[in-house]
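K.L.:
Quick one, fold the following:
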Amino acid sequence: MRTYDNGIYRDMLAEEIAQTQNIPSVPYEQRVVNRIREKYSVDDEIALLRQRVLKSAEFEAYYDFVEKIKEEERDV
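P.N.:
Predicted coordinates:
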């Protein structure tokens, strides 16, 4: 959504959109966790962290996945 602000049009922030729709905004940290949980359970994460040396390829895929999500959620 776009808004007119101080003489220019700009994209609305997620929080602004949520306010106009009466939807409570979800904090960044919770959005990241919610998306991680779609693929990895807490137990899966603990196992990967504990075995990151033995299962380095799996850990690297997990790490890249989390970093991508964090970057995408920062841009919201």
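K.L.:
Report the central residue of the chain.
P.N.:
Within the chain, one residue has its C-alpha closest to the average C-alpha position: by CA atoms, centre = their mean, that is residue 32, at 3.2 Å.
K.L.:
Quick one: residues contacting it.
P.N.:
For residue 32, the contacting residues are 66, 69, 70, 73, by CB atoms under 8 Å, 6 or more residues apart in numbering. Where C-beta positions appear, they are placed from N, C-alpha and C, glycine not excepted.
K.L.:
try residue 58
P.N.:
Contact analysis of residue 58 by CB under 8 Å, 6+ apart lists 48, 51.
K.L.:
Could you give me the buried positions within the helix ranked longest in the chain?
P.N.:
Selection of the longest helix in the chain by residue count, based on DSSP state H, yields helix 56-74. Applying a neighbour-count criterion of 16 or more other CB atoms under 10 Å, one finds 59, 62, 66, 69, 70, 73 buried in helix 56-74.
K.L.:
Would you list the phi and psi of the residue nearest to the centre of the chain?
P.N.:
The phi/psi pair for residue 32 (degrees, to the nearest 10) reads phi -60, psi -50.
K.L.:
How much space separates it from residue 74?
P.N.:
Computed as CB to CB, to the nearest Å, the residue 32 to residue 74 distance reads 9 Å.
K.L.:
circling back: with distance to residue 38 and pLDDT as new columns, can the buried residues of helix 56-74 be given to me in JSON lines?
P.N.:
Formatted as JSON lines, the buried residues of helix 56-74 follow (distance: CB to CB, whole Å; pLDDT from 0 to 100):
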{"residue": "59", "distance to residue 38": "19", "pLDDT": "96"}
{"residue": "62", "distance to residue 38": "13", "pLDDT": "97"}
{"residue": "66", "distance to residue 38": "12", "pLDDT": "97"}
{"residue": "69", "distance to residue 38": "9", "pLDDT": "96"}
{"residue": "70", "distance to residue 38": "14", "pLDDT": "96"}
{"residue": "73", "distance to residue 38": "13", "pLDDT": "92"}
